[in-house]
Structure formats: C-alpha cells, structure tokens
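Colleague: when you get a sec, could you give me coordinates for this:
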Amino acid sequence: MQITTSHTPESKKRNGEHILINMTYIAKNVDLDSGIELTRAFEYWRRYFEENNIVSALVISEGYFVQSFQGTRPAINIALGKILDKHSTIFPNIVNIEEIESRQWNGFLVKYLTSSAEDEEYALKSFSAGSDYNPYLMTSNQIESFLTAVFADTESSKF
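Modeller: Take a look at the predicted model:
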C-alpha cells in the first residue's frame, strides 16, 4: 500500500518552499474605476491566494491599497510577478519583505476604511503624516502597525 502526502521531503525543497515570507506593499488605484471591477479583482485574487496557500490582509481607502501577504518564498515571488503583470498601472511600492515563523493573517481579509470616527482613529493612531491619508508618507513600521491595528479582529473582516 502506498501513502501519498502533500508534504515535500527536505531533499526536494530547493526553491525555498519551507521558508515563509511576509511581503507588504502600498499602491494607488488608477486602473479599476468601478466597484464591480474592484470586486472582480478581489475575487480573482482571493481564489488565486487560496489555491496557492497565501494569506492576505488588504486595506483600501481613498484609492490607496495597503496589502500584506504571506506564503512560501516561491508562492510570494510568483504572486508578485502576477500583480506586476496584471495590474501594472497600480505601481506597487514594496515596503517590507521578511522571513516569518508563522502566518499572521487568516484567509483573504479586506477592510474598506471610510471617513467614520473609528476608521479615522486607525489612521491617526497608527500614523500621523499630515492631515490627509497617504500611505506613501508612512514608514514601513507605521504601515505594519496600521495593518495590525485594522485587523485586530480578523474574523469580522473576512472577504
């Protein structure tokens, strides 16, 4: 009797399949005009990430994206290539890439920040780079703190 598992033996892990990576980027949405286009793009990425065992946290506000995704080194490299290829007009700016011990996120999380008092509090508490929301003015530490604060209750934010 032969048993098949999805576990890759150590000797076959030549491309970093055993190393988890967290990558965070910021971008400005200049491509997806309507809510329908944005929803379709989210659904595409949700399925793609799920199929490739990648977890993600995405914040959208005032046309800006702040996204952190986590998975194996090869999966993250391929996903980054797809993002650059499929959405070349958003011009992602990578703010952090690091090896991690375990995944922080659970699934594909999306949060739309509005002008509500609660959402403004996230922005003002996590970073204060002026009176307008602009993640390009934030440091990488501020961005990571911001994502952690926004997704402190991840179950209520699942897409």
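
Colleague: so how far is E17 from Q67?
Modeller: Spatial separation of Q67 from E17 under the definition C-beta to C-beta, to the nearest Å is 23 Å. Using the backbone N, CA and C atoms, a C-beta is placed for each residue, glycine as well.

Colleague: I meant V59, not that one.
Modeller: Looking at V59 against E17, where the rule is C-beta to C-beta, the gap reads 29 Å.

Colleague: one more: S140?
Modeller: Taking C-beta to C-beta as the measure, S140 falls 26 Å from E17.

Colleague: pull the CA atoms of the longest helix seen in the chain into CSV?
Modeller: Longest helix in the chain, counting residues (DSSP state H): helix 35-51. Output in CSV follows, covering the C-alpha atoms of helix 35-51 (Å, rounded to 0.1, in the frame of the first residue of the first chain):
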residue,chain,number,x,y,z
GLY,A,35,-16.9,48.8,-7.7
ILE,A,36,-17.7,45.9,-10.0
GLU,A,37,-14.2,45.9,-11.4
LEU,A,38,-12.7,46.1,-8.0
THR,A,39,-14.9,43.3,-6.7
ARG,A,40,-14.0,41.1,-9.6
ALA,A,41,-10.3,41.7,-9.0
PHE,A,42,-10.7,40.9,-5.3
GLU,A,43,-12.5,37.6,-6.1
TYR,A,44,-9.8,36.7,-8.6
TRP,A,45,-7.0,37.3,-6.0
ARG,A,46,-9.0,35.6,-3.2
ARG,A,47,-9.2,32.4,-5.3
TYR,A,48,-5.6,32.7,-6.5
PHE,A,49,-4.2,33.1,-3.0
GLU,A,50,-6.4,30.3,-1.6
GLU,A,51,-5.2,27.9,-4.4
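
Colleague: might you list the low-confidence residue ranges for the protein?
Modeller: Along the chain, the model assigns pLDDT under 70 to residues 1-13, 30-34, 87-89, 115-132, 153-159.

Colleague: can you give me the strands in it?
Modeller: For the chain, the strands identified by DSSP state E occupy 20-28, 55-61, 64-72, 93-100, 108-112, in order along the chain.

Colleague: closest to R40 out of these?
Modeller: With C-beta to C-beta, the closest approach to R40 among the strands of the chain belongs to strand 108-112: 13.4 Å.

Colleague: which elements pack onto the closest one?
Modeller: When contacts are defined as 3 or more C-beta pairs under 8 Å, 6 or more residues apart in numbering; DSSP states H and E, strand 108-112 sits against helix 35-51, strand 55-61.
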